[in-house]
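**Q** how would this look folded up:
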Amino acid sequence: MKRRFIAGAVCPRCSEMDKIVNYVLGDKNYRECVACGFKDEIRLQASPRELDTRVNQTDDREVEETAVKILQPPSGPADKK
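**A** Residues are numbered from 1 along each chain as shown. As a prediction, the model looks like this:
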């Protein structure tokens, strides 16, 4: 069993900082305070689903394409200098 300290974590029982270790037993995650012996299971929450936006949608939408005609500016008296 590999134990790892959690930097900056504060024990909920004794309020000691940097005394919490994290480890896995079977398929469950636990945290334990090495100062006072407090121990509990860490239940990880699934990350929320990303909201659908115009940028991340992957549906195949038909886009109407139109040609653009570039016009030359008319030549006038200002162009003859």
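**Q** drop to CA atoms for contacts and neighbour counts, all remaining ones
**A** Noted.
**Q** Just the strands from the protein, written as ranges.
**A** 4-5, 20-25, 28-33, 39-42 (DSSP state E).
**Q** Mind putting those strands into a markdown table with mean neighbour count and mean pLDDT?
**A** Shown next, in a markdown table, are these (neighbours: other Cα atoms under 10 Å; pLDDT from 0 to 100):
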| stretch | mean neighbour count | mean pLDDT |
| --- | --- | --- |
| strand 4-5 | 14 | 94 |
| strand 20-25 | 17 | 94 |
| strand 28-33 | 17 | 94 |
| strand 39-42 | 14 | 92 |
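**Q** In TSV, list the ones you listed along with distance to Val55.
**A** Formatted as TSV, the strands of the chain follow (distance: least, Cα to Cα, whole Å):
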stretch	distance to Val55
strand 4-5	39
strand 20-25	38
strand 28-33	36
strand 39-42	35
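**Q** Looking at the ones you listed, spot the one closest to Pro48.
**A** strand 39-42 (18.0 Å; Cα to Cα).
**Q** So in that sheet, which strands flank that closest one, and in what orientation?
**A** strand 28-33 (antiparallel) (DSSP bridges).
**Q** about what we covered before: among the strands of the chain, which comes closest to Arg13?
**A** Once the strands of the chain are compared by Cα to Cα, strand 28-33 is nearest, at 8.7 Å.
**Q** who touches the closest one?
**A** 11, 19-24, 38-43 (Cα atoms under 8 Å, 6 or more residues apart in numbering).
**Q** In those, find the pair that's most separated.
**A** Lys19 and Arg43 (19.5 Å).
**Q** Quick check on these two: which one has the bigger neighbour count.
**A** Lys19 (20 against 9; other Cα atoms under 10 Å).
**Q** Does the more buried one touch Val10 like I think?
**A** Yes: under the criterion of Cα atoms under 8 Å, Lys19 makes contact with Val10 at 7.3 Å.
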